[in-house]
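Chemist: Structure, please.
(one chain, ligands or ions: 1)
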Amino acid sequence: MLIKDNFDEALKISESTNEFLSHYQIPPSPVNYSVIYMHVSKRNEKLSIALERHLEKYQEVDLTFIEELFSKYISNSHAVDKQILAPIEKSLSNTLEKINIQIDSDKTVASNLRKAEQALSKHEYHKSMQNIVAFLMSSISTSQQQHSELSLELTKTCGEVNFLKSKLEAARHEAIVDSLTGLYNRRGCDVKLQTLDIEQVHSSLAIDIDHFKNVNDQFGHFIGDKVIQRVAKVIKETITDKDIAVRFGGEEFMVVLVNKTLSQAHEIAEKIRLAIASLKLMQRDSKAYLPKLSVSIGVAQRQEELNWQSLFEQADTALYQAKNNGRNQSVCL
Ligand SMILES: Nc1nc2c(ncn2[C@@H]2O[C@H](COP(=O)(O)OP(=O)(O)OP(=O)(O)O)[C@@H](O)[C@H]2O)c(=O)[nH]1
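Modeler: Here you go, the predicted model:
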């Protein structure tokens, strides 16, 4: 979309956004602000329809609902940056630049006036001129002060915009990443899959920790979580940055190996399996070692006619076979 906003327009929308936020007593967090800004500026029809329906039904706005709208319509697009923040930032920096030029010119005028004052002070008969110069000096100093204050204010606002941008970036990241392991979640998986070239060969691994219930039962969920994190770390360290590692649920992971054939994928699966089997995990407090860990892995290669869901299902079928064959192994389909 073309960015037509000028500063005044953006400011008007921003005022209406603030009014909306205060009317419904919504805290002006970056996420809330962005959702309401998109609604007020009529930039996302689906978001507005959903919000209006919600208001019709409840007459108030639930914060969880706003977060949902943010994740669904905003966080994965760069609409906020492009449509809200970029124009504001541009106008701010233009205005700041003009004010800074004005500050420089104020300085020159002040310095010239000072020279004139010095020259006139040598001659008593120029008293009236001296008064005029003194008056001009005091006016320019007031204007200098006003411009400096304005420059400070604008610099502060620029800082706030940058803060909002980094908050948005963090929110966008949180929406697609699993907080326990740092791997992608399902939504992140969908987002990353859209970036892949479907003409290339891709493979997938379905990985599941064997008898994980026993870990939880014997050592508790906290240790269970640590084990999940450790397995995720091994997966991450074994694949490349281009590949996509996803925590699909509980102790189940899915990996998309970009541009890799079935046999290459099988090799990687074996590396992961062996690395996990050789882990020696110790419980920090009791210094007791946890029983040996193992994973079962299903490996499948994407066929041209298959969509991603079918590929994952194939990998899952292979995983099921690996479990049935006795676990701690990888099976190719
Ligand atoms: N600590 C922890 N446990 C989880 C989490 N999500 C799921 N689980 C547990 O993972 C266990 C999964 O057990 P099962 O699906 O029966 O499988 P398993 O014991 O791993 O056995 P197999 O898969 O058949 O080898 C259950 O005990 C769940 O409670 C989580 O986020 N943290």
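Chemist: Could you look up the SS state of the closest residue to the ligand within the stretch 51-200 of the chain?
Modeler: In the stretch 51-200 of the chain, the residue found nearest to the ligand is Leu180; the distance is 6.4 Å by CB to the nearest ligand atom. All C-beta spots, glycine's among them, are computed from the backbone N, C-alpha and C. Classification of Leu180 using DSSP: H, G, I helix; E, B strand; the rest coil returns coil.
Chemist: tell me the contacts of it?
Modeler: Applying CB atoms under 8 Å, 6 or more residues apart in numbering, we find Leu180 in contact with Asp225, Ile228, Gln229, Ala232, Arg247.
Chemist: out of the residues you listed, which is most surrounded?
Modeler: Using other CB atoms under 10 Å as the contact criterion, the top neighbour count among the contacts of Leu180 goes to Arg247, which has 27 neighbours.
Chemist: Check which residues of the helix or strand harbouring Glu15 are buried.
Modeler: Under the criterion DSSP states H and E, the helix or strand holding Glu15 is helix 7-23. Within helix 7-23, the residues that count as buried by 16 or more other CB atoms under 10 Å are Ala10, Ile13, Ser14, Thr17, Phe20, Leu21.
Chemist: Tell me the spacing between the fifth one and the ligand.
Modeler: Computed as CB to the nearest ligand atom, to the nearest Å, the Phe20 to the ligand distance reads 38 Å.
Chemist: The first one too?
Modeler: Counting by CB to the nearest ligand atom, the separation of Ala10 from the ligand is 43 Å.
Chemist: Surely Asp208 touches Ser296?
Modeler: Yes: if you go by CB atoms under 8 Å, Asp208 and Ser296 touch, sitting 5.5 Å apart.
Chemist: and for the two, which residues touch both?
Modeler: Common contacts of Asp208 and Ser296, defined by CB under 8 Å, 6+ apart, comprise Leu319, Lys323.
Chemist: picking up where we left off before, on contacts alone, who are the packing partners of the helix holding Glu15?
Modeler: Of the remaining helices and strands, those touching helix 7-23 by 3 or more CB pairs under 8 Å, 6 or more residues apart in numbering; DSSP states H and E are helix 30-40, helix 86-121.
Chemist: Tell me the first helix or strand C-terminal of the longest one.
Modeler: What that stands for is helix 86-121. Counting by DSSP H and E, the element after helix 86-121 in chain order, helix or strand, is helix 127-176.
Chemist: Which is the succeeding secondary structure element to that following helix?
Modeler: Under the assignment DSSP H and E, the closest C-terminal helix or strand after helix 127-176 is helix 186-193.
Chemist: So, low pLDDT: which residues of this protein?
Modeler: 1-7, 30, 75-85, 87, 125 (pLDDT under 70).
Chemist: Please list the residues of it that sit near the ligand.
Modeler: Taking CB under 6 Å from any ligand atom as the contact definition, the chain meets the ligand at 208-213, 216, 221, 224-225, 228, 250-251, 323, 327.
Chemist: Which single one of those is nearest to Lys156?
Modeler: Comparing the residues of the chain next to the ligand against Lys156 with CB to CB places Asp225 closest, at 41.5 Å.
Chemist: nearest spatial neighbour of the closest one, skipping sequence neighbours?
Modeler: Nearest-residue entry for Asp225: Leu180, 6.1 Å, with adjacent residues in sequence omitted and distances by CB to CB, 6 or more residues apart in numbering.
Chemist: Phi, psi for that neighbour please.
Modeler: Reported as degrees, to the nearest 10, the phi and psi values for Leu180 are phi -70, psi -40.
Chemist: For Val227, see how far away it is.
Modeler: Counting by CB to CB, to the nearest Å, the gap between Leu180 and Val227 amounts to 11 Å.
Chemist: One more: His147?
Modeler: Distance of His147 to Val227, computed by CB to CB: 61 Å.
Chemist: Mind jotting down where the strands sit in the stretch 151-300 of the chain?
Modeler: In the stretch 151-300 of the chain, the segments counted as strands under DSSP state E, counting those that start in this stretch are 203-209, 244-249, 252-257, 295-301.
Chemist: dump the residue contacts of His248.
Modeler: Careful, residue 248 is Phe and not His. Here Phe248 is in contact with Arg186, Ala206, Met254 (criterion: CB under 8 Å, 6+ apart).
Chemist: give me that answer again for 10 Å
Modeler: Residues in contact with Phe248 (CB atoms under 10 Å, 6 or more residues apart in numbering) are 178, 183-186, 189, 206-208, 254-255, 312, 316.
Chemist: Tabulate those (CSV), appending distance to Ser166 and neighbour count.
Modeler: As requested, the contacts of Phe248 are exported to CSV (distance: CB to CB, whole Å; neighbours: other CB atoms under 10 Å):
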residue, distance to Ser166, neighbour count
Asp178, 21, 21
Leu183, 22, 23
Tyr184, 21, 22
Asn185, 21, 20
Arg186, 25, 14
Cys189, 25, 21
Ala206, 35, 29
Ile207, 33, 29
Asp208, 36, 23
Met254, 30, 26
Val255, 30, 28
Phe312, 34, 21
Asp316, 38, 19
